[in-house]
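> predicted coordinates and the sequence they were generated for:
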Amino acid sequence: MSLPIPPDRMSRPEIRPEEVEEAIRRVQEGATASYEIVIQAYARRLRRLIARLCPPTMETEEVAHLAFVTAFREIRRYQPGTEFLLWLSSIARNLILAELKRIKRDLHNRQNYLEYETALGLEVSLSDPSEAGEARIRALKTCTSQLSEEHQSLLRMRYAEEASIRNLSTNLGKTLSAVKVQLFAIRKKLRDCVTKRLALQKEG
Amino acid sequence: MDRFDSLASEYFDGTLERGEAAELAEMLRRDPERKRLFLEMYEQNRLLSVDLGPPSEVALARKVLEEIEQGGPAVVLRKIEGSGKAGAGGRGKRVAPPPRRGVPWKVWVAACAGVLVLGVSALFLSSSDPGTPPQPARLEKGLGEVTVRGPTGPRRTMRAGEEVLPGQILETVGAASSALLSYPDRTRLEVGGNASIRFQPDPQAPLGKRLEVSQGVLRATVAKQPPDLPFVVHSRWAESRVLGTKFVLSVDSDSTHLAVAEGRVRFAAAPDAKSSGGGPGVEVGSGEQAAANSGGIVRWKQVCDLDFSRMRSLPPGFDPLFCSSRVLHTPGRRIEPAPERIRFENGGLVFDPAPGPNRDHGLVVARWKEAVGDDLILEAGVAGGPAWSLGFAVSGDSFEGYRVIFGVHDPEGGITVDTIYPTEFIQLAKDARPIAFEKDHLLRAELRGRHLKVWVDAELHIDTVIAHPLPESRRRTIALSNFGESPVVRTLRVWKAEAP
């Protein structure tokens, strides 16, 4: 059973593709304010794409911000009717790629070399065209919705409310290690579920 | 849950310590399968933050448009390239703030991406404009009670998103309160420890970011500043000038303490300091520390920076020693080498004072071989776990010097300062506040002359003057010791004073 969605998370009426294209056209003609429609239409999808590949030195939100600003500056290059999200995500990918290269070059990162190792792994993912990005995102959404109410609630507290492990422990009346173990179990369950769904899709 | 699962879990919980991070990285490097699993979890973790986090489309649109409308495309590009005084203003949240090194990533990335995607026009790579006053810092996040007030006005609660205007004083009330602020150029400030900070205190001062820290702890990651407009922090007895670095400044009732993580800071006596009337001060580099008080400025030079989590044996700079409790407090005290009493397990150094077949219980000591003098700082990171105790020795080893014992039995879980020279235990100071053993802690002691200060996690626990005589012939060194349950000691850093 899934929890009721809080009012502030209820989805807005969908912005239709033709509305977005029209907004882009107006922005190309100089109507900056119309860019808001473009951002709202693509922000969440872009953030998901960025989140998957974002190294620990970057924040998803910041890359999205920078990608939108960069796209605005170059909006006249965009060919109406082609995939704007694709164009936007290629800008974001290049931003991430540049940062991954910086991490690799920067020998200081070898001192914090968890960051370095993570960046190396992400670079491989970024350069692998067969990587099932969209499918993975969809699978994770499905798997999350299939979790028990208690687990969904815990995830929401941790990720939506950014509660620390200590706060979770206090609020739930559990020991620190109990909270950690439970979160670990949920993450593992999600990962196993996603892996299984992707494998099934591949077979099917 | 095996060790890898446990470390990965700590990472995603935001509680992974530096030593553990190194251990986890090593596992990833050696085992491609674990690396694959870790990356899947990493990706999943990020996606959950986006999917479950609050919707940010509207806020994002507002920020992007704000930036665009501030100056049109040319200004936007200059911001992207990072050469404009007002940098891009993305202000997202970070689960575990990673260190920023060298050129801020956004500047670097934007510059590279500009080349990769769009090409860069040299037209926009103009230098900063020193005539523009700095844009105000914005409160990103406040924990506990964060207030702001004008020089004379009433104090009011500050909310996230608000800016601190020139002349205003930001305060974090109580030890549990803290604030995270950022400037548009990505300079970030973390403020805590009952802090009181005035922003842009002097309207007549040269343009550039300026703070006046009356008390508390300021942790700053300063983006590269124009050469002629350093970031300047005024504090008790000191003035710190920064062009781009990471540092922590702690200000208490009688001193200012500076620790530089990256880059260099010019640390000088405050212009109005009676002792010196200002002066050129000292350059404090990466890994170094400095302090200012009524006696002037001292630079702390690093003696060692040890990550025990990556070691398998005691470094050669130490002597492992043992003294049986049967003779410890007698004139016949006998100290013997005991390498088998110090082990490396559970991600750090562990003492073993316990009795066993054919062996006594006693005091186990890891003593630094070289003399480091009387003025020094000793800092150790310990892992959370069952109740433990740990001794620091300063101005001599654990048998002849002053000892700071953390996690004593009386007061339970508290801290004492003592010596066991010549034979008996003599208590010199104590603090009854119990240490929460289940948490990781950074333990710190600073001896300057006879003035001893002791902190746990940046909170001052003991501030005392000690005068008990010690033998003149002693080697003035440092040591760690344990007599009961050992903590896992992950890191040890020591600095000694160096006169400017």
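That came through fine.

> for the rest of this, base every contact and every neighbour count on C-alpha atoms.
OK.

> mind listing what the residue of the stretch 251-400 of chain B found nearest chain A touches?
Nearest residue of the stretch 251-400 of chain B to chain A, counting by C-alpha to the nearest C-alpha: B:E262, 10.3 Å away. If you count contacts by C-alpha atoms under 8 Å, 6 or more residues apart in numbering or on different chains, B:E262 has them with B:R101, B:T245, B:K246, B:F247, B:G285, B:S286, B:G287.

> please name the bridge partners of the fourth one.
Partner residues in beta bridges with B:F247: B:A220, B:V260, with DSSP bridges as the criterion.

> any idea how far B:Q289 is from B:L376?
11 Å (C-alpha to C-alpha, to the nearest Å).

> touching both of those two, which residues are there?
Jointly contacting B:Q289 and B:L376 under the rule C-alpha under 8 Å, 6+ apart are B:W300, B:W495.

> just checking, A:L122 is part of a helix?
Yes - under DSSP: H, G, I helix; E, B strand; the rest coil, A:L122 falls within a helix.

> quick one: it and chain B, what's the gap?
7 Å (C-alpha to the nearest C-alpha, to the nearest Å).

> that older thread, skipping adjacent residues, who's closest to the residue of the stretch 251-400 of chain B closest to chain A in space?
B:S286 (4.6 Å; C-alpha to C-alpha, 6 or more residues apart in numbering or on different chains).

> any idea how far the one you found lies from A:R102?
Plainly put, B:S286 is 21 Å away from A:R102 if you go by C-alpha to C-alpha.

> same question, B:G161
Per C-alpha to C-alpha, B:G161 is found 31 Å from A:R102.

> so the two - more neighbours on which side?
Neighbour count, other C-alpha atoms under 10 Å in any protein chain shown: between B:G161 and A:R102, A:R102 has more, with 18 against 14.

> state the pLDDT value of that one.
Looking at A:R102, its pLDDT stands at 77.

> before we move on, what about B:D272?
At B:D272, pLDDT is 61.

> ditto for B:R3
pLDDT at B:R3 comes out at 86.

> for B:V117, same thing?
Model confidence at B:V117, given as pLDDT, is 35.

> hey, which helix or strand in chain A has the poorest pLDDT?
In chain A, the helix or strand scored least confidently by mean pLDDT, DSSP states H and E is helix A:113-127, which has a mean of 78.

> can you list contacts of the helix or strand following that one?
For helix A:113-127, the following helix or strand on the C-terminal side (DSSP states H and E) is helix A:133-145. Contact partners of helix A:133-145, identified using C-alpha under 8 Å, 6+ apart, comprise A:2, A:48-49, A:52, A:152, A:190, A:193-194, A:197-198, B:44, B:47, B:51.

> mark which of those are buried, thanks.
Buried subset of these (neighbour count, 16 or more other C-alpha atoms under 10 Å in any protein chain shown): A:R48, A:L49, A:R52, A:Q152, A:L190, A:C193, A:V194, A:R197, A:L198, B:Q44, B:L47, B:D51.

> domains in chain B, by residue range?
Split into domains by automatic domain parsing, chain B comes to B:3-52, B:59-90+B:98-124, B:137-294, B:305-498.

> by mean pLDDT, show me the worst of the ones you listed.
Looking at the domains of chain B, the bottom one is domain B:59-90+B:98-124 with a mean of 42.

> nearest residue to residue 53 other than its sequence neighbours?
Picked chain A for this. Per C-alpha to C-alpha, 6+ apart, closest to A:L53 is A:L122, 5.9 Å.

> wrong one, I was asking about chain B
A:A160 (3.9 Å).
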